[in-house]
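**Student:** Need coordinates for the following:
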Amino acid sequence: MIVLHRFLAIIGTLWFAFITFETSADASPSEQQCGNLNESQVKNGQRITELDEHPWIARIEFTDSQGDREHLCIGALINTRHVVTAAHCLDNADRDVSAVVLGDWDSSNNITERDCNPQGLCAPPPQRIELKSLAMHPDYTIHKVDNDIAVIKLARNAEISEYVQPICLPTAEEVSTGTADTALQVSGFVRPNRRNITKRIKMPFEKVRTEECQKKDRDNRIANSNICGSTEFNPMSGSALIEAHGEPRRFHLVGVAAAGFNSEPSLHLHTNVRLHLNWILQNSKM
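**Tutor:** Predicted coordinates for the structure are as follows:
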């Protein structure tokens, strides 16, 4: 039997990741670029990103009734004021979403500290921005892995820099050909307590037919609309499924990590962003 869970408990075979799981700073949103891509970083074969790689990744902060804060989910910055994440991350009676942290590369550090790479290069301290409002997809339900997408509106604009930038939203039509140049990746952080990997990661995503995930789902909770595939490790909920294409090539957000099976390599599901593009645009107006 598949059981929906909260926080880091693993029950049954399917986990729901929440628990589990070039522009100037003063440029206007219309002038800002998105999905900036460095070809040498794309092809370096590393699992840990560089400091300025995938700078749209956000860590979502939750605060409980005692005032204790935890970062339990991931999101993707799509413009200076909005972050896309999984709806089930926000569907929690025990903790409230209190802020979003941008530009954080190493989750083991205090968010007030600068992150530095082994060569001694350091990024500015992360930006902690409180939220203004939340929008969960109206057709989301915790009883089915479907429409699992949400938009967080920030209380103020993110400061765009080399280390904090938005990712592009996708075109309405799928463009991936499965070649190395358009290969899918998962960008975000690895689920805690599974691997001692605290830095921002990128992992190749091997897409499979959604039926492969549905075969493992005896409770029939996986919708046909989900993108099914596998990565080396389990990503945290809300981690970004991204694709590089266009001229010049840029990264586009095509999926949001929603649920998966407790295994490594990790077989998991992403909400298909293309199917919800109009809803995201309506809820992310500046």
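
**Student:** Tell me if I'm right that residue 187 and residue 48 touch.
**Tutor:** No. Counting by C-beta atoms under 8 Å, residue 187 does not reach residue 48; the two are 11.7 Å apart. For every residue, glycine as well, the C-beta is placed using N, CA and C.

**Student:** what do the two both touch?
**Tutor:** Residues touching both residue 187 and residue 48 (C-beta atoms under 8 Å, 6 or more residues apart in numbering) are 200-202.

**Student:** If residue 134 is in a bridge, with which residues?
**Tutor:** residue 152 (DSSP bridges).

**Student:** who touches it in this structure?
**Tutor:** 90, 97, 150-153.

**Student:** Quick check: it vs residue 100, distance?
**Tutor:** 11 Å (C-beta to C-beta, to the nearest Å).

**Student:** could the contacts of residue 134 go into CSV alongside pLDDT and neighbour count?
**Tutor:** As requested, the contacts of residue 134 are exported to CSV (pLDDT from 0 to 100; neighbours: other C-beta atoms under 10 Å):
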residue, pLDDT, neighbour count
90, 91, 23
97, 93, 21
150, 97, 27
151, 98, 24
152, 97, 26
153, 97, 17
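
**Student:** And the strands in the chain, which stretches?
**Tutor:** 14-16, 57-64, 69-79, 82-85, 95-102, 127-136, 150-154, 185-188, 201-204, 206-208, 227-231, 240-245, 250-261, 266-272 (DSSP state E).

**Student:** The closest residue to residue 80 other than its chain neighbours: neighbouring residues, count only.
**Tutor:** Once flanking residues are discounted, residue 80 sits nearest to residue 157: 4.2 Å by C-beta to C-beta, 6 or more residues apart in numbering. Neighbour count of residue 157, defined by other C-beta atoms under 10 Å: 13.

**Student:** Distance of residue 157 relative to residue 129?
**Tutor:** Taking C-beta to C-beta, one finds residue 157 at 8 Å from residue 129.

**Student:** my guess is residue 53 contacts residue 39, does it?
**Tutor:** No. Counting by C-beta under 8 Å, residue 53 stays clear of residue 39, with 11.8 Å between them.
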